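Colleague: what's the 3D shape of this:
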Amino acid sequence: MSYANMIYVNLHSEQNAVLLLKLLLSMISDISNFLQNSSGIYLYMVVRIVLGTLFFFQAYDKIVRVKLKNEIAEVAPGSYQKGIPVIISKISVYATSYVELIGGFLLIIGLFTPFILYIFGLHIILLVFAFSYLQGLWDMKYVLPRMALLFLLFLLPPSWNIVSIDHLFTCFIK
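Modeller: Now for the predicted structure:
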């Protein structure tokens with residue numbers, strides 16, 4: 001008997017009250033099983049969305065509020081003193097900003113997730129290398145949270161990435 005049919009049970013008899021109690025226990029059991037079996041799915045979704053949001057709004061801030069020309073003006077002199085041409089600084093500021101903006105948005109909606117994770121992995125490696133070269137002791141407070149969330153997504157099974165556009169595409173392709 002389905003939940004919908006059992007809800008309309010008449011409560012005037014003892015037998016119907018027992019049926020209603022069984023229905024409630026069955027629903028509680030189903031909800032409990034669902035939560036236990038799907039906690040990984042929600043973990044993957046939350047971590048993916050948080051990481052995407054961090055990258056997206058960092059880039060948005062650089063592009064819209066601070067403006068890229070101001071970002072370049074801050075980065076270029078230090079890199080020029082280390083022997084890096086200004087054009088390389090300009091290209092890296094533009095590239096990293098738009099990679100973070102577009103990649104962050106794609107992570108939030110869950111599109112091309114594996115590819116974006118690899119791009120962000122490479123991005124963080126290059127970022128750590130560049131900052132370490134430019135300034136031996138630098139504050140990693142902005143990099144470490146992103147790196148930890150990225151590593152967590154690499155460690156979690158990709159099969160948990162169900163609440164995403166990627167998953168919808170795989171459902172329609174099959």
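
Colleague: now residue 79: how far from residue 44?
Modeller: As judged by C-beta to C-beta, to the nearest Å, residue 79 and residue 44 stand 37 Å apart. All C-beta atoms are positioned from the backbone trio N, CA, C, and that covers glycine.

Colleague: When the two are compared, which one has more neighbours?
Modeller: residue 44 (23 against 20; other C-beta atoms under 10 Å).

Colleague: In contact with the more buried one, which residues?
Modeller: Counting by C-beta atoms under 8 Å, 6 or more residues apart in numbering, residue 44 touches 153, 156, 160-163.

Colleague: pLDDT weak spots in the protein?
Modeller: 1-17, 20, 30-36, 137, 174 (pLDDT under 70).

Colleague: For the residue sitting nearest the centre point of it, give me its contacts.
Modeller: Centroid-nearest residue in the chain, with C-alpha atoms, centre = their mean: residue 48, separated by 1.6 Å. For residue 48, the contact set (C-beta under 8 Å, 6+ apart) comprises 107-108, 110, 113, 153, 161, 164.

Colleague: let's go with 7 Å and repeat that
Modeller: Neighbour list for residue 48: 107, 110, 113, 153 [criterion: C-beta atoms under 7 Å, 6 or more residues apart in numbering].

Colleague: what's around the third one, how many residues?
Modeller: Each residue near residue 113 was counted by other C-beta under 10 Å, and the total is 21.

Colleague: secondary structure element for the closest residue to it other than its chain neighbours?
Modeller: The spatial neighbour of residue 113 that comes closest, neighbours along the chain excluded (C-beta to C-beta, 6 or more residues apart in numbering), is residue 166 at 5.2 Å. Take DSSP states H and E as the rule and residue 166 turns out to sit in helix 165-173.

Colleague: Now that helix: buried residues?
Modeller: For helix 165-173, the neighbour count (16 or more other C-beta atoms under 10 Å) marks 166-167 as buried.

Colleague: so what's residue 106 up against?
Modeller: Applying C-beta under 7 Å, 6+ apart, we find residue 106 in contact with 112, 116.

Colleague: what about it, which helix or strand?
Modeller: Assigned by DSSP H and E, residue 106 belongs to helix 86-109.

Colleague: Quick check: the residue nearest to residue 113 touching residue 115?
Modeller: No. Applying C-beta atoms under 7 Å as the test, residue 166 and residue 115 come out as separate, 9.7 Å apart.

Colleague: Could you tell me how far the helix ranked longest in the chain lies from the centre of the chain?
Modeller: Longest helix in the chain by number of residues (criterion: DSSP state H): helix 14-60. Relative to its chain's centre, helix 14-60 lies at 18 Å (C-alpha atoms, centre = their mean, to the nearest Å).

Colleague: Specify the angle between whatever helix or strand comes next after that helix and helix 14-60 in degrees.
Modeller: Scanning forward in sequence from helix 14-60 by DSSP H and E, the next helix or strand is helix 68-81. Between helix 68-81 and helix 14-60, the angle comes out at 60 degrees (axes from the mean of the first three to the mean of the last three C-alpha atoms, to 10 degrees).
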